[in-house]
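Chemist: any chance you could fold what I've pasted below:
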Amino acid sequence: MASLLQQELAAVLQRDLPHLFGGGMAPSISMVKVTPDLGQARVYLSLLLGNDANERIEIVRDNAREIRHALAKRIRKTARVVPELVFFHDDSAAYAAHMDQVLGTLDIPAPPQEDAPENDDKPARPRLFN
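Modeler: Alright, predicted model coming up:
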């Protein structure tokens, strides 16, 4: 059910209700979690472009009823119940980019070089990793 909702909600936001975003890019749906009784679906939206993430999430939340109605039209023959939609901002992509930037600025010293073998009778073991 979560997969169906994710696919259909993406289609609703991009094709059926693009006017909600004033011609801008519609948010992508990164994940949907549905309660066991199918009464509620937690929808996580990823807003990759723009700095107005909170405003765009509020637009979606304010129009949740219209989005649910458009979703019901699309899945009425597949699902008996259309869950209540609760929208959340998924900032995992921004967090990953931030962590990549932080890790990129770290000064990690090179590993120490191995010393030559003390006993010349034994051949040196080949190194498996650089």
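
Chemist: show me where pLDDT drops low in this structure?
Modeler: Within the chain, the ranges that satisfy pLDDT under 70 run 23, 48-51, 115-130.

Chemist: count the neighbours of Val81 for me.
Modeler: If you count neighbours by other CB atoms under 10 Å, Val81 ends up with 11. Heads up, the C-betas are built off the backbone N, CA and C, glycines and all.

Chemist: dihedrals phi and psi, it?
Modeler: Dihedral pair for Val81: phi -120, psi 130, per degrees, to the nearest 10.

Chemist: and the spatially most central residue of the chain, how far from Tyr44?
Modeler: Centroid-nearest residue in the chain: Ser30, 3.9 Å away (criterion: CA atoms, centre = their mean). From Ser30 across to Tyr44, the span is 5 Å (CB to CB, to the nearest Å).

Chemist: between these two, which contacts overlap?
Modeler: Asp90 (CB atoms under 8 Å, 6 or more residues apart in numbering).

Chemist: can I get the top helix by length along the chain in PDB, CA atoms only?
Modeler: With secondary structure taken from DSSP state H, the chain has its longest helix at helix 92-105. Provided in PDB are the C-alpha atoms of helix 92-105 (Å, rounded to 0.1, in the frame of the first residue of the first chain):
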ATOM      1  CA  SER A  92      18.100  13.400   4.700                       C
ATOM      2  CA  ALA A  93      19.500  14.500   1.300                       C
ATOM      3  CA  ALA A  94      20.500  17.900   2.700                       C
ATOM      4  CA  TYR A  95      22.000  16.200   5.800                       C
ATOM      5  CA  ALA A  96      24.000  13.800   3.700                       C
ATOM      6  CA  ALA A  97      25.300  16.700   1.600                       C
ATOM      7  CA  HIS A  98      26.300  18.600   4.800                       C
ATOM      8  CA  MET A  99      28.000  15.500   6.200                       C
ATOM      9  CA  ASP A 100      29.900  15.000   2.900                       C
ATOM     10  CA  GLN A 101      31.100  18.600   3.100                       C
ATOM     11  CA  VAL A 102      32.200  18.200   6.800                       C
ATOM     12  CA  LEU A 103      34.100  15.000   6.000                       C
ATOM     13  CA  GLY A 104      35.700  16.600   3.000                       C
ATOM     14  CA  THR A 105      37.200  19.300   5.200                       C
END
